[in-house]
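1. what follows is a protein structure lacking sequence information:
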């Protein structure tokens, strides 16, 4: 049998095979190119939301969260002490999730959902987590649907304008944003009464994305912006395409529905880690890392979720999942755990590169009294076995010396609704 450490070294899939500084430099350069409008795998999408501004208090707004299978809406306001108040909560199925519908059906369904709330408020914040081009008036044009929504007539349409017209409330103010931007703003809302130098939003769940606050003078592709102001930039970091990939990454990517796209996401996010681990285990089986009995069972295993990977790595789990059932001996278990742990550890180092590059790009957090607040959402970040602890180790070790920055992490409940409300409350 082949030694598992030789297998990992030959395929260069270990965290030690990543030069952290080089990866951070490449991410930073791609961010700058995206801001310039030159060739970049990072879209660096302006949101026209000025998060440094103060938000209004004691003003009720309609907050909408649409981005998965469920649609949520509520009336949200912050009192003069910054305390969050949520009322009139409404939950329903996302229109278009149960079969194809027309543009008219899509907007009339949403209008029916939110009309009782909109009649009570003048402002609407809409967390719409589908790829959209955000416009200077903070409305957005849908580029494509994903997550199983079928409403092809909506593609290319202005979401806010169509909703207000369907509501017959064209005078209302509406702001469109995605869930990563909402996460950043939710962190800002939780910071009421505290001082932070800047804010970052990060999601590592099924997919991954990052946003931060950038000075308008650095957004060279939009020269008409007010040079004295700043705004949130949606990086679309899951699409970063310049990380060094191994042969295992490349071959696994070829098995996905969109080969060559969102390759960084496929190396670190919950939607893909399980499949990547299974592919690596099968490669190891083909190279005689496992006994014949384990190898034959692994080859018959067709799917492995990230949650099942976490269960497998947790000896106290009540059920360790389908991977455990493939293992026929202690040596094979040690080797399989080593491979999966190595892939997660590598992901933690890549997450470190992602967030360190963004934190340094803000040029904030240089004094202990003015940290940067990083709001993180996503089950992969919080629940994937050992990922968070490995990330914290790499992140702390890197941010020393001349790279020293002060930061805090937070998590906010109902972040999409809270962030949507705050977007509507920022003047």
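-> Good, I have the coordinates. Note that the coordinates shown come from a computational prediction; the quantities given were computed from them, not determined experimentally.
2. pLDDT score assigned to residue 155?
-> pLDDT, residue 155: 93.
3. not counting sequence-adjacent ones, nearest residue to it?
-> residue 142 (5.4 Å; Cβ to Cβ, 6 or more residues apart in numbering). Backbone N, C-alpha and C define where each C-beta goes, glycine included.
4. is the one you found bridged to anything, and to what?
-> residue 132 (DSSP bridges).
5. give me the neighbour count for it.
-> For residue 142, the neighbour count with other Cβ atoms under 10 Å is 19.
6. how much space separates it from residue 159?
-> Residue 142 sits 6 Å away from residue 159, going by Cβ to Cβ, to the nearest Å.
7. joint contacts of the two?
-> 128, 132 (Cβ atoms under 8 Å, 6 or more residues apart in numbering).
8. for the chain, which segments count as strands?
-> 45-46, 61-66, 70-78, 84-93, 123-128, 132-134, 140-142, 173-177, 198-204, 208-215, 230-234, 372-377, 407-410 (DSSP state E).
9. tabulate these in CSV, adding columns for mean pLDDT and distance to residue 342.
-> Shown next, in CSV, are the strands of the chain (pLDDT from 0 to 100; distance: least, Cβ to Cβ, whole Å):
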stretch, mean pLDDT, distance to residue 342
strand 45-46, 93, 34
strand 61-66, 96, 36
strand 70-78, 93, 35
strand 84-93, 93, 40
strand 123-128, 96, 36
strand 132-134, 89, 37
strand 140-142, 93, 40
strand 173-177, 96, 37
strand 198-204, 96, 18
strand 208-215, 96, 20
strand 230-234, 95, 32
strand 372-377, 97, 23
strand 407-410, 96, 25
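10. contacting residues around residue 75?
-> 60, 61, 62, 63, 86, 87, 88, 117, 120, 121 are the contacts of residue 75 under Cβ under 8 Å, 6+ apart.
11. make it 6 Å
-> Contact partners of residue 75, counting by Cβ atoms under 6 Å, 6 or more residues apart in numbering, are 60, 87, 88, 117.
12. hey, what's the second one bridged with?
-> Per DSSP bridges, residues listed as beta-bridge partners of residue 87: residue 75.
13. quick one on the thing from earlier: quick check: the residue nearest to residue 155 vs residue 106, distance?
-> From residue 142 to residue 106 the distance is 10 Å (Cβ to Cβ).
14. if we can go back for a sec, name the member of the contacts of residue 75 with the most neighbours.
-> The most crowded member of those, judged by other Cβ under 10 Å, is residue 117 (22 neighbours).
15. that residue contacts residue 62, doesn't it?
-> Yes: using Cβ atoms under 6 Å, residue 117 is in contact with residue 62, at 4.7 Å.
16. remind me which residues of the protein are low pLDDT?
-> 146-148 (pLDDT under 70).
17. would you mind finding the longest helix in it?
-> Using DSSP state H, we find that the single longest helix of the chain is helix 330-362.
18. next, the buried residues of that one.
-> For helix 330-362, the neighbour count (16 or more other Cβ atoms under 10 Å) marks 332-333, 335-362 as buried.
19. cool, and stretch 172-179?
-> Per 16+ other Cβ under 10 Å, stretch 172-179 contains these buried residues: 172, 174, 175, 176, 177, 178, 179.
20. quick one: contacts for the fourth one?
-> The neighbours of residue 176, taking Cβ under 6 Å, 6+ apart as the test, are 126, 128, 139, 140, 159, 160.
21. for the first one, same thing?
-> By Cβ under 6 Å, 6+ apart, residue 172 lies in contact with 124, 164.
22. separation between residue 365 and residue 400?
-> 14 Å.
23. what is the burial count for residue 227?
-> Residues near residue 227, counting by other Cβ under 10 Å, number 11.
24. how much space between it and residue 218?
-> 10 Å.
25. do residue 281 as well
-> 44 Å.
26. compare the two (neighbour count), which wins?
-> Set residue 281 next to residue 218 and count neighbours by other Cβ under 10 Å: residue 281 wins out with 25 against 17.
27. for the residue nearest to residue 335 when sequence neighbours are not counted, what are its contacts?
-> Closest residue in space to residue 335, ignoring its immediate chain neighbours: residue 4 at 4.3 Å, by Cβ to Cβ, 6+ apart. The contact partners of residue 4, by Cβ under 6 Å, 6+ apart, come to 289, 335, 338.
28. same question, residue 262
-> 238, 239.
29. oh, and call the first residue 54 from now on, that's how I've got it
-> Okay, using 54 as the starting number, the last item reads as residue 315.
30. list phi and psi for it.
-> Main-chain dihedrals, residue 315, degrees, to the nearest 10: phi 50, psi 50.
31. roughly how far does it sit from residue 262?
-> Distance from residue 315 to residue 262, by Cβ to Cβ: 10 Å.
32. cool, residue 385 as well?
-> 37 Å.
33. ok, now residue 418?
-> In terms of Cβ to Cβ, residue 418 sits 21 Å off from residue 262.
34. got it, and residue 372?
-> Distance from residue 372 to residue 262, counting by Cβ to Cβ: 32 Å.
35. between the two, who's got more neighbours?
-> Applying other Cβ under 10 Å to residue 372 and residue 262 shows that residue 262 carries more neighbours, namely 25 against 10.
36. now that one. Nearest residue, chain neighbours left out?
-> Closest to residue 262 by Cβ to Cβ, 6+ apart is residue 233, at 4.2 Å.
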